[in-house]
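# need coordinates for the below:
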Amino acid sequence: MATRMNMDEVDLQSYANILGRVNPEDRDFFARYFLDSDSDDEGEFYGFEDVNFIPIDRIENPDGDIDFADDVANGWSSNPADDSEQLTLPFDYATTGINEDIPADATPLSFVRFFLTDEVLDVTVTETNKYADQVIQEKLRDGGLQQHSRLRRWRPVNKDEMCVFLGVSIAMGILRKPDLDQYWSTNEILYTPFFPKCMSRNRYELILQCLHFNDNQSIITDREAPNFDPLYKIRPVYDIITQRFREVYTPTKCLSLDEAMIPWRG
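Residues are numbered from 1 along each chain as shown. Here you go, the predicted model:
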C-alpha cells in the first residue's frame with residue numbers, strides 16, 4: 001500500500017525530475033497520488049506548473065544524457081563519440097574455465113582450498129597470535145588482566161586448529177541457533193555433538209576474541225591521511241584471495257553481474 005508523504009519530507013525538484021519521465025497527461029495523477037499532503041498545514045501541493053520537466057525525448061535519447069561528475073572523473077561518458085579509445089579484450093573460449101587441476105575424488109573442501117590457501121591460513125594464524133600477545137601484554141602493564149580471565153589460558157593457535165575454527169564457524173552458518181553458547185549446550189533439545197567434538201566453547205570464543213588478519217599497531221585511523229586504507233583490517237587476506245580469484249578461474253565473454261554492485265545512472 002502506497003503512503004502519502006508530507007511536503008516537508010519531499011525534495012520537490014527530485015520528484016519533478018522523476019515525473020519528467022511520465023507523459024504530461026499523467027503527471028497530475030502522480031502528483032496527487034504521491035505528493036499531496038494529508039495534513040492541513042501550509043505548503044499543500046497544487047501541481048507542477050512552474051517546474052521545468054526533463055523532456056521526454058531527452059530521456060529516450062541516451063546521447064543527450066547529462067554526465068555525472070564522478071563518472072566523468074573516472075573516464076565515463078554518455079556520448080559514444082568520446083569512446084575514441086576502446087578496450088578490446090581477446091577472449092579465447094579455449095582458455096576459459098577453471099585453471100586448476102581437479103582430482104577425480106574432489107570434495108567441496110577441495111574447491112574451498114583453491115581460495116583458503118596455506119598463505120591465507122598462515123597470515124590469519126600469525127596475526128591472531130600477535131594480537132593475543134599484544135592484548136595480554138597491554139593488560140599486564142595496566143593491571144587489567146583479571147585472575148579468571150580467559151586470556152590467562154591463551155595458547156598460540158596453529159594452522160590445523162585455525163582450520164577447525166573456520167570449519168566450526170561455517171557450520172554455524174548452516175545450523176542457526178539464537179545464541180553462541182547453545183552450540184555447546186547439553187540440553188537434550190539443543191544438543192549438537194559436532195561442535196563440542198571439534199572444539200571446546202571456551203577455546204572457540206577465545207580464538208574468536210583474538211581473531212585478526214593484520215597488525216593493529218600499524219593501522220592508520222585518520223581518514224584524511226594519504227595512506228588511509230578502509231580495508232586495512234583484512235587487507236592481507238583480501239589481496240591474497242582476490243589474486244586467487246584471478247588465477248583459479250578465467251571467465252567467458254558473456255557475464256551476468258548479480259546484485260547491484262555497479263551504480264545505475266539511467
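
# alpha carbons only for contacts and neighbour counts from here, please
Noted.

# C-alpha coordinates for the helix or strand encompassing Gln209, CSV please?
Assigned by DSSP states H and E, Gln209 belongs to helix 201-210. Extracted in CSV, the C-alpha atoms of helix 201-210 (Å, rounded to 0.1, in the frame of the first residue of the first chain):
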residue,chain,number,x,y,z
ARG,A,201,33.3,-23.5,23.8
ASN,A,202,36.0,-21.6,25.8
ARG,A,203,38.6,-22.2,23.1
TYR,A,204,36.4,-21.2,20.3
GLU,A,205,35.4,-17.9,22.0
LEU,A,206,39.0,-17.2,22.9
ILE,A,207,40.1,-17.6,19.3
LEU,A,208,37.1,-15.5,18.1
GLN,A,209,38.1,-12.8,20.6
CYS,A,210,41.6,-12.6,19.2
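
# mind listing what's buried in it?
Neighbour-count burial for helix 201-210, with 16 or more other C-alpha atoms under 10 Å as criterion, is recorded at Arg201, Arg203, Tyr204, Glu205, Leu206, Ile207, Cys210.

# ok, stretch 245-263 next?
In stretch 245-263, counting by 16+ other C-alpha under 10 Å, buried: Val248, Thr250.

# in the protein, which spans are helices?
12-19, 27-30, 56-60, 69-73, 108-112, 118-142, 159-174, 194-198, 201-210, 235-248 (DSSP state H).

# which one of the buried residues of helix 201-210 is nearest Asp142?
Nearest to Asp142 among the buried residues of helix 201-210: Cys210, at 18.7 Å, using C-alpha to C-alpha.

# surely that closest one meets Asp133?
No - Cys210 is beyond contact range of Asp133, at 9.3 Å (criterion: C-alpha atoms under 8 Å).

# list the contacts for Val237?
Val120, Val123, Thr124, Phe213 (C-alpha atoms under 8 Å, 6 or more residues apart in numbering).
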